[in-house]
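**Student:** Let's see this in three dimensions:
(2 chains)
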2 protein chains.
Amino acid sequence: MSAANSFKRGCAVLSGDMLRTHTCGELRKKNVGATVTLAGWADSIRVQGKIGFILLRDRYGLTQCFIGKELAAEHNLAEIRKESVLRITGEVKARPANQVRTEMATGEIEVSATALEVLNPADPLPLELDENIVSTEETRLQWRYLDLRRPRMQQNLITRHAITKAMRDYLGQHGFLEIETPFLAKSTPEGARDYLVPSRIKKGSFYALPQSPQLFKQLLMIGGYDRYAQIVKCFRDEDLRADRQPEFTQLDIEMSFVEEEDVIQLIEGLMVHLFKEVLGVALPQPFKRLTYKESMEQYGRDNPDLREELGVDWAPVWIVDFPMFEYSEEDKRWYAMHHPFTQPRELDLLLAGKHERVFARAYDLVLNGSEVAGGSIRMHRYDDQIKVFEALGMREEDYKEKFGFFLNALRYGAPPHGGIAFGLDRLAALMTGCDSIRDVIAFPKNKEAADLMLDAPSSVTKEQLDELGLKKA
Amino acid sequence: MSAANSFKRGCAVLSGDMLRTHTCGELRKKNVGATVTLAGWADSIRVQGKIGFILLRDRYGLTQCFIGKELAAEHNLAEIRKESVLRITGEVKARPANQVRTEMATGEIEVSATALEVLNPADPLPLELDENIVSTEETRLQWRYLDLRRPRMQQNLITRHAITKAMRDYLGQHGFLEIETPFLAKSTPEGARDYLVPSRIKKGSFYALPQSPQLFKQLLMIGGYDRYAQIVKCFRDEDLRADRQPEFTQLDIEMSFVEEEDVIQLIEGLMVHLFKEVLGVALPQPFKRLTYKESMEQYGRDNPDLREELGVDWAPVWIVDFPMFEYSEEDKRWYAMHHPFTQPRELDLLLAGKHERVFARAYDLVLNGSEVAGGSIRMHRYDDQIKVFEALGMREEDYKEKFGFFLNALRYGAPPHGGIAFGLDRLAALMTGCDSIRDVIAFPKNKEAADLMLDAPSSVTKEQLDELGLKKA
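**Tutor:** Numbering: from 1, shown residues only, chains lettered A, B, ... in the order given. This next block holds a predicted model:
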């Protein structure tokens, strides 16, 4: 975890806030003799007769503070509770060689306190922060701001920050523009269920929160932006499986004038950069590729875990040559396996009604048995898009109502384009070694899509509903 | 516009996509003799007898392509419409000295075409892209993907990208972590109206889209994250004034163990970095400061435009010493001028009921007569927060229902903290010289909060409402 750790350590720039001179992870032997002021949380308080030791903690580390007889008496040390916020001024002293604590970055020194201030006393905590004591997920989510103090959670979110930084740096170097797309968008049911937002100004009408910025990014290509990338929240109102969230984050990418190989090369470069910067791991290139057929035949799944076979900790593999369509026996109709904006490779077979023989210009990136990204080359011609809508059994009035604005856009100079989207929560969970994406999200929902800390969703007033022209059914 | 322009120019990394060897802004005299393939939009097509010239455009620039007799005849040049997407292969040739076009970065050369492919023909456009022809705002928003092709709009969004990049770089260097906060949150009406999102799983209950991540960022400080920054969408369902959007973007910042001066110093450094990187402008430090009283007395407003007085193009000024409360004659009650989480400076006066004499630990940053950022030192003690809620006339049952989770958090070791939030749309509009924030937003809403391109908000099916347990009133 090289970069995440070095990021955690290397924050000398923080020195000199009004309330502290140094962070709790900063002092070394070279600081011996200096008078310093630290601020942080009482991680532990040890009273030995009339003196005591406070281990002061912040995001950057831990520093031991020695509290002498006078100061200990003045503050009644035994009554300061763990997790109280303290400010301690004192002199940095070297520890005797036999008392150096090598497991702590500040283990060569301690601060001999001359002043102690309780900035904010803490009540007894409803949640144990010790990593060895397991709390229920419900307790952790209800008191999330306390759960977030655990070093493991802090390291997860720091690593997630390092991941997004590495992504942005790489994509910026490759000419990608970060452009924001709207959240109050249009309901276009396709697969998953939309979250709706009632309009007050146009009563009885609704916005929808986007399931992805798919059409917006294609419109940005049509608008000539050439290379777009955004880290963005997406929303799907689905029944939640173990590892889904109603709001989740994508790294969303789209490029003009490209074919499959351009996207694949760019993304391999991104992954190599990411793993080097964040984990200090050198991913070997090129990544293995399997066709969908090979993957299904050899592994019985389209997201194979090749770690044993490839003999490394990290086994990225591209899955290519996906079928364009899959048939639903239940609904007696064809669905687009990726989505209906993906370009089919054999348009002539489609016209002949041979859906099952049509491949998609789509690709998935699988890492250690999880799909972490998926994308495709899109249709850029109006006629082709219509053919696919019709092959999916959509009626003209339906696709024109839902996607009319987008179909129009294809008629005014749409460039060939394609892209990909990463599931950022899943990738961050893999890279931090977490089983659940909830461990890399600051304020996640539970399996009932509720925020237990906020108590959301919750009731609203009748006045609020009246203003929206709605009532409970 | 130094960095935005150099960013636009400096994209040699793009060379070598499958469908092109170079961008339209890239070729120079040193490329003469090379065979190249360009792809882009037909910005203009000029037929001269049996030969012709196509000016090919992409995000990176314009390149003139010469179409000889044979190729012109093969493609019936006169029938290729403007804004069609073309791919042209040819040899780079130097222009004679008297034909060099100095106003174009590629003006030293032209491409003598040997092959021309129409990748996608364009229908006649419903919107004129010429900067000199003014379309109505309605037309521009309806055909936004075409409006986005105008060089001015492209430059605006490229500059906005440069702004967010400079912000992230600076804040990353100063130890700030980017942490995402939820969009499906809790309705806590305070001032502006919430956008509501009905829950399907808990029928009759609602999420609210956050008006700002204010409480989340304070909870992150309580969780020990020390320095947080996020560029994030916020939502307010208000009647729109000329320059408001129902969804808008904030650069949101929070810091622990700080006082006013820490935030002010950090933000001055951020502004200096931003203006240097994006505009090549050196903002002189320190910024001028005015108390609220001085500003009102001298300028009659709390967002004075000091450009004339300071004799520069950019006149940042801090407004400090705001009153904590303002009295509403209409509602016969006190309101928090900033927000109810801001720390009052004179808590003893508050207890004595002398609201009008209490100042807030708040600060606004005003630039050229616009408030671009506002923030404060927050309350970190439970008792103080209760006192302010009560001074605002809130009843215990009300503030406990709305803010109970947050009040609890203040009891478990909340550090002193404060922060600030920038209105990113407004700042980007100022820095690009735009009158309207709609010109720095890719897909904005109109004054009725509608997206004219998407036709949103729009109707949804009865099934969708049934699933939410709602019906129209």
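**Student:** okay, CA-based contacts and neighbour counts for the rest of this
**Tutor:** Noted.
**Student:** what's the pLDDT at residue A:131?
**Tutor:** Residue A:131 carries a pLDDT value of 76.
**Student:** ok, residue A:20 - contacts?
**Tutor:** A:36-39, A:87, B:257 (C-alpha atoms under 8 Å, 6 or more residues apart in numbering or on different chains).
**Student:** what residue ranges in chain A score low on pLDDT?
**Tutor:** A:1-16, A:189-190, A:242 (pLDDT under 70).
**Student:** any idea which strand is longest in it?
**Tutor:** In chain A, with assignment by DSSP state E, the single longest strand is strand A:35-48.
**Student:** Could you list the paired strands of the next helix or strand after that one along with their orientation?
**Tutor:** Heading C-terminal from strand A:35-48, the first helix or strand you meet, by DSSP states H and E, is strand A:51-58. Here strand A:51-58 has these sheet partners by DSSP bridges: strand A:35-48 (antiparallel), strand A:61-67 (antiparallel).
**Student:** The stretch 51-200 of chain A: strands as residue ranges?
**Tutor:** Using DSSP state E, counting those that start in this stretch, the strands found in the stretch 51-200 of chain A span residues A:51-58, A:61-67, A:85-94, A:109-120, A:177-178, A:195-198.
**Student:** Which strands or helices does the fourth one pack on?
**Tutor:** To tie it back to what came earlier, the one meant is strand A:109-120. Counting contacts by 3 or more C-alpha pairs under 8 Å, 6 or more residues apart in numbering or on different chains; DSSP states H and E, strand A:109-120 packs against strand A:61-67, helix A:69-75, strand A:85-94.
**Student:** change it to 10 Å
**Tutor:** Packing partners of strand A:109-120 (3 or more C-alpha pairs under 10 Å, 6 or more residues apart in numbering or on different chains; DSSP states H and E): strand A:35-48, strand A:51-58, strand A:61-67, helix A:69-75, strand A:85-94.
**Student:** For the longest strand of chain A, what is the distance to the chain centroid?
**Tutor:** Distance, stretch centre to chain centre, for strand A:35-48: 33 Å (C-alpha atoms, centre = their mean, to the nearest Å).
**Student:** May I see the buried residues of it?
**Tutor:** By neighbour count, with 16 or more other C-alpha atoms under 10 Å in any protein chain shown as the criterion, the buried positions of strand A:35-48 are A:35-45.
**Student:** who's sitting farthest from the centroid in chain A?
**Tutor:** residue A:70 (48.7 Å; C-alpha atoms, centre = their mean).
**Student:** Is that one in contact with residue A:50, as I believe?
**Tutor:** Yes - in this structure residue A:70 lies within contact range of residue A:50 using C-alpha atoms under 10 Å: 8.5 Å.
**Student:** Now list whatever residues contact both of those two.
**Tutor:** By C-alpha atoms under 10 Å, 6 or more residues apart in numbering or on different chains, residue A:70 and residue A:50 have no common neighbours.
**Student:** what's residue A:463 in contact with, if anything?
**Tutor:** residue A:469.
**Student:** Let me see the domain layout of chain A.
**Tutor:** As recorded under automatic domain parsing, the domains making up chain A are A:3-120, A:149-441.
**Student:** need the helices for the stretch 101-250 of chain A, in chain order.
**Tutor:** A:137-142, A:144-147, A:151-173, A:214-222 (DSSP state H, counting those that start in this stretch).
**Student:** Adding distance to chain B and mean neighbour count, write those out as a markdown table.
**Tutor:** Rendered in a markdown table, the data for these read as follows (distance: least, C-alpha to the nearest C-alpha, whole Å; neighbours: other C-alpha atoms under 10 Å in any protein chain shown):
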| stretch | distance to chain B | mean neighbour count |
| --- | --- | --- |
| helix A:137-142 | 9 | 17 |
| helix A:144-147 | 5 | 24 |
| helix A:151-173 | 6 | 21 |
| helix A:214-222 | 6 | 23 |
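**Student:** Using CSV, please lay out those helices together with distance to residue B:205.
**Tutor:** Listed next are these as CSV, based on distance: least, C-alpha to C-alpha, whole Å:
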stretch, distance to residue B:205
helix A:137-142, 19
helix A:144-147, 22
helix A:151-173, 30
helix A:214-222, 29
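**Student:** In a markdown table: the helices and strands packed on strand A:109-120, plus distance to residue A:431.
**Tutor:** Putting the helices and strands packed on strand A:109-120 into a markdown table (distance: least, C-alpha to C-alpha, whole Å) gives the following:
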| stretch | distance to residue A:431 |
| --- | --- |
| strand A:35-48 | 28 |
| strand A:51-58 | 24 |
| strand A:61-67 | 22 |
| helix A:69-75 | 44 |
| strand A:85-94 | 32 |
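**Student:** so who does the closest residue to residue A:28 other than its chain neighbours touch?
**Tutor:** Of all residues not flanking residue A:28 in the chain, residue A:106 sits nearest, at 5.8 Å (C-alpha to C-alpha, 6 or more residues apart in numbering or on different chains). Taking C-alpha under 10 Å, 6+ apart, we find residue A:106 in contact with A:24-29, A:61-64, A:100.
**Student:** measure residue A:106 to chain B for me?
**Tutor:** Plainly put, residue A:106 is 19 Å away from chain B if you go by C-alpha to the nearest C-alpha, to the nearest Å.
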